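Asker: Would you be able to build a 3D model of this:
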Amino acid sequence: MEYRLNSPDVVQEELDGEVIVVHLVSGSYYSLSRSGADVWKRLVAGQNAEVIVDRLSEITDGTCSVIGPAVDQFVADLLAEQLLVPAPGTECRPVVAAASPGERIPFEAPRFERFTDMQELLLVDPIHEVAEAGWPLQPGTPESGAVPQGQLP
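Answerer: Presented below is the predicted three-dimensional model:
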């Protein structure tokens, strides 16, 4: 099955080989590096898990029996976090190989780190929850003067 970014709820950016993914609804953000970033880029480019497993078995020292379950679990975790959604029939775009032909790198199970330390800031609505004091003051604090949505007089 093919997948796509759960847009517009999720945004991503690649910085120096690391992929940062932000879930704008939950306020969580994720760091994907090394094999996690590689698999993520392949997934959002339209490659299905089987193609990714085959490719990883060519460029790493892992076997399909080890790589397959690791990739399947990674995809399941991404779906559970609502970062990706199924997208049957997605057009597959090419992805740059992680290693040169003949060079095999050690297999590392793809994973991500989830962070929630900025949820309050990411969930502040800068359009509706701004007062004279400015943004990102949250409603309900005396200095903000902002009124939570739905509580306007």
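Asker: now the spatially most central residue of the chain: how far from residue 113?
Answerer: Taking C-alpha atoms, centre = their mean as the criterion, residue 21 is the residue nearest the geometric centre of the chain, at 3.7 Å. The span separating residue 21 from residue 113 equals 11 Å under the rule C-beta to C-beta, to the nearest Å. (Each C-beta comes from the backbone N, C-alpha and C, glycine too.)
Asker: and for these two, which residues touch both?
Answerer: Residues touching both residue 21 and residue 113 by C-beta atoms under 8 Å, 6 or more residues apart in numbering: residue 30.
Asker: show me the contacts for the residue nearest to the centre of the chain.
Answerer: Remark: with contacts taken as C-beta under 8 Å, 6+ apart, residue 21 is in contact with 10-12, 29-30, 32, 40, 83, 112.
Asker: Quickly check those residues for the two that are furthest apart.
Answerer: Maximum pairwise distance in these, criterion C-beta to C-beta, is 14.9 Å, between 11 and 112.
Asker: Between these two, which is the more surrounded one?
Answerer: Between residue 11 and residue 112, counting by other C-beta atoms under 10 Å, residue 112 is the more crowded of the two (20 against 14).
Asker: That one and residue 77 touch, don't they?
Answerer: Yes. In this structure residue 112 lies within contact range of residue 77 using C-beta atoms under 8 Å: 7.3 Å.
Asker: low-confidence ranges in the chain?
Answerer: Within the chain, the set of residues satisfying pLDDT under 70 comprises 90-102, 124-153.
Asker: That one - how does it break down into domains?
Answerer: What automatic domain parsing lists as the domains of the chain is 3-117, 122-153.
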